[in-house]
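Asker: any chance you could fold what I've pasted below:
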Amino acid sequence: MDDEVDNFSVISRDSISSKLSTFWSKVTFSSRKISSSLADICSYIQSTPDAHLSPIKELVIRKERDGVQHEFLLLRVANPTGDEFWIRLERKGPTGTLSRLMSSEWEANDIAILSGKRGPLLGRAKSIEKTRVVFRVPPSLKDLLRVLDALGKESKSYQLWPVWRS
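Answerer: As a prediction, this is how the structure comes out:
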């Protein structure tokens, strides 16, 4: 990731619940990027009372051209007042020692990066668009929270290579 990414994390659920719409305080409508773990983003969305009024207008799946050809998801979202921003969702391998390369399964490192502009979320690696969905009836951030929660419970590991089961 770029050095210009700001990181934030959740201190406690109680501190978040005591603030109104804390997710919106993290969203930027400029080209600045803010990064967090997916679990923290989900906590922020869950504590935001008006998240159900925030439509997901577009979903884009992109794939990097070179190397491992990493895939990531971009979401174009609007806040309840109609201002739009982008979220990049991706799963990466854990950061740490080289000895972890001996195994093909690790704990997932799911992250979300928010920005008011799409361009900064594309990163330095060249990527191509694989799929684009523009919703006629847009789901909301609350709907996204339900999907991400289910995915997080179902798939807790990061797999560098597919595991073939017989």
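
Asker: name the single longest helix found in the protein.
Answerer: helix 141-154 (DSSP state H).

Asker: packing partners for it?
Answerer: Judged by 3 or more C-beta pairs under 8 Å, 6 or more residues apart in numbering; DSSP states H and E, helix 141-154 is in contact with helix 38-46, strand 56-64. From N, CA and C alone the C-beta is placed, and that goes for glycine too.

Asker: tell me the angle of that helix relative to strand 56-64?
Answerer: Helix 141-154 and strand 56-64 meet at an angle of 40 degrees, taking axes from the mean of the first three to the mean of the last three C-alpha atoms, to 10 degrees as the criterion.

Asker: can you list the buried residues in helix 141-154?
Answerer: For helix 141-154, the neighbour count (16 or more other C-beta atoms under 10 Å) marks 141, 144-145, 148 as buried.

Asker: where does T81 sit: helix, strand or coil?
Answerer: Using DSSP: H, G, I helix; E, B strand; the rest coil, the structure places T81 in coil.

Asker: E58: which of the buried residues of helix 141-154 is nearest?
Answerer: L144 (12.6 Å; C-beta to C-beta).

Asker: quick check, E90 in contact with L73.
Answerer: Yes: between E90 and L73 there is a contact under C-beta atoms under 8 Å: 6.9 Å.

Asker: thanks again, I'm all set now.
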